[in-house]
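A.B. asks: predicted coordinates and the sequence they were generated for:
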Amino acid sequence: MNEFLDNVAQVNDTVNSFVWTKVGVWLLIAVGLLMTILTKGFQVSHIGHWMKKTVGSLFEKKVRSHTGEKASISQFQALCTALAATVGVGNIAGVAGAIVTGGPGAVFWMWVAAFFGMMTNFSENILGIYFRRKNKQGEWSGGAMYYLQDGLGGYKGMKHVGKVLAIIFAICAVLASFGIGNMGQVNKIVLNFTSAFDIPALSDKVLYTSADGSSKVTLYMLIIGIILLVLVGIVIIGGLQRIASVAEKIIPFMVVMYILGSLTVIFVNISSIGKAFGSIFSMAFSSQALWGGATGVALKEIITMGCKRGVFSNEAGLGSSVMVHSNSNVVEPVKQGLWGIFEVFADTIVICTMTALVILTSGVIDLETGVTTAGSDATLVAESFNTVFSFGGFELGKYFIATAILLFAFTTVLGWSHYGTKAVEYLAGSKALIATRIYKFIFVAMIVLGALMTSSIAWDISDTFNGLMMLPNLIGVLALSPLVMKLTKNYVDRRIKGKDVKPMLSHFPEIEEEHIRKIQETGED
């Protein structure tokens, strides 16, 4: 078995290196840069507008109110469900891992990936709404597979290319949903929760020990896995409406609490804030001879690690969150694109930055050598919180982080279950209803496997499938960039400049006419 796993790891490392280091990171930045140029720096030039139409509109009834249509959810629910899938372990363990491996400079490249990723996510959401259609159950279905099939495939001689890329994307989305969207998240929940809230009577009951004795599976882990299986199963059975309802309650609460906790740590260590930012910028453009040990960290690795963790966190470029944004009750493609900008901003520029500053200001890591006083991943973040939230030997920080990871990762599992469902729906075609039910059953069952997982291979493979999803999606966005530019210009002319221009709302004439009638009848968009 060990030999088999070693072979799998070796093959995966080769594919992962090609997908991310050779192609992925550079294509990701290139597409984001191109979309920024084509939209005339929309995320900066119209920052007031997209802020007003997203976070500034959260108290508007038409944004928050639930829709009575089975086909859609509210704009706020779409955002929360998308954030549910993106705000996860990557915002805590991912940031810590990026800093430990790539140094503080990796944070800068996370910002770069996020800045350009705003426009990539913006473009994905626009295309998702523009090419969406209703399935047999009357629900909206949209995503990269549809704009690859109908958008890229609509170009002369590209029909089969678009279809093949759409199928590749959907297959990788399903596989990624089992890995990064399920087992990986559950594994982090179980490891952190059982460590922070230890119950010796359960944790001492060892069910399995790895060959080298480095890891073990306990009765406690199995019980937590079964509890998560039941909770996730109850929510998933209720479909997107129930997932969105849970997400809109948990996401705002957990994000606000995490930011408040992070700000408290940063404020207590405010004297170190200048040094923290200094290390981020100074180490972003130079190889670190000492960081990470004798081998040091090459500049290429710093850039790659920062961009990979950025994408892992906000998913801009993967084409994943498009599948839930496409279920929004909005009829204006660009308006949903604005939520895509805000999603990346909130996830990486705000939450990931909070995590990075907590680590870099708390003294748990030497900014010169990279030596840590704690382990890595979430352990490092928990230790950072313990420097402030520790009273008389009671380490509140580790409980806070364990709870945060529980909520973050739990909602990520819910969000990814929808992504996988939509990908299966596309692949199954006329058999979609049966296929999606089978998928949900398998998805829920694999939660227990995630709870008992002892190898990091699942995480590494999931990272590869993320990259394999990203490539066809970015090819689609790149090919359809002229359309994104037209849709953005149409929106700016009508909504910002007040010109009398016919709206561009859908690839399908009958859906566009329906949307136009809705706007005329209700005055809402």
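C.D. replies: All right, it came through fine.
A.B. asks: OK, contacts around the nearest residue to Met504 once chain neighbours are set aside?
C.D. replies: In space, Met504 comes closest to Asn490 once its chain neighbours are excluded; the distance is 4.6 Å by CB to CB, 6 or more residues apart in numbering. In this view, the C-beta of every residue, glycine as well, is placed from N, C-alpha and C. Contacts for Asn490 were tallied using CB atoms under 8 Å, 6 or more residues apart in numbering; they are 334, 501, 503-504.
A.B. asks: neighbour count and secondary structure for those residues - can I get that in a markdown table?
C.D. replies: Output for these, formatted as a markdown table (neighbours: other CB atoms under 10 Å; DSSP: H, G, I helix; E, B strand; the rest coil):
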| residue | neighbour count | secondary structure |
| --- | --- | --- |
| Val334 | 30 | helix |
| Val501 | 14 | coil |
| Pro503 | 20 | coil |
| Met504 | 20 | coil |
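A.B. asks: pick the one among those residues closest to Ile516.
C.D. replies: Among those, Pro503 lies closest to Ile516 (CB to CB), at 6.5 Å.
A.B. asks: quick check on the closest one: phi, psi?
C.D. replies: phi -70, psi 150 (degrees, to the nearest 10).
A.B. asks: circling back to that earlier point, would you convert the contacts of Asn490 into a markdown table that also reports distance to Ile266 and pLDDT?
C.D. replies: Putting the contacts of Asn490 into a markdown table (distance: CB to CB, whole Å; pLDDT from 0 to 100) gives the following:
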| residue | distance to Ile266 | pLDDT |
| --- | --- | --- |
| Val334 | 35 | 93 |
| Val501 | 46 | 88 |
| Pro503 | 44 | 90 |
| Met504 | 44 | 92 |
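A.B. asks: can you give me the strands for this protein?
C.D. replies: Applying DSSP state E to the chain gives strands spanning 133-134, 140-141, 206-209, 216-218, 390-391, 394-395.
A.B. asks: check which helices and strands the first one sits against.
C.D. replies: Under the contact criterion of 3 or more CB pairs under 8 Å, 6 or more residues apart in numbering; DSSP states H and E, strand 133-134 touches strand 140-141.
A.B. asks: partners of the strand it packs on, with directions?
C.D. replies: In the sheet, strand 140-141 lines up against strand 133-134 (antiparallel) (DSSP bridges).
A.B. asks: and the contacts of the strand it pairs with?
C.D. replies: With CB under 8 Å, 6+ apart, strand 133-134 has contacts from 71, 140-142, 146, 508, 511.
A.B. asks: widest-spaced pair of those?
C.D. replies: Spanning the widest gap among the contacts of strand 133-134 are Ala71 and Tyr146, at 15.1 Å by CB to CB.
A.B. asks: of these two, which one has the most company?
C.D. replies: Tyr146 (27 against 16; other CB atoms under 10 Å).
A.B. asks: surely that one is in contact with Ala423?
C.D. replies: No. Applying CB atoms under 8 Å, one finds Tyr146 not in contact with Ala423, separated by 11.0 Å.
A.B. asks: picking up where we left off before, could you dump the contacts of strand 133-134 into TSV and include pLDDT and distance to Ile251?
C.D. replies: Output for the contacts of strand 133-134, formatted as TSV (pLDDT from 0 to 100; distance: CB to CB, whole Å):
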residue	pLDDT	distance to Ile251
Ala71	54	22
Trp140	87	21
Ser141	87	23
Gly142	89	21
Tyr146	95	26
Phe508	92	32
Ile511	89	29
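A.B. asks: ok, and the most crowded of those?
C.D. replies: Counting neighbours by other CB under 10 Å, Tyr146 leads the contacts of strand 133-134 with 27 neighbours.
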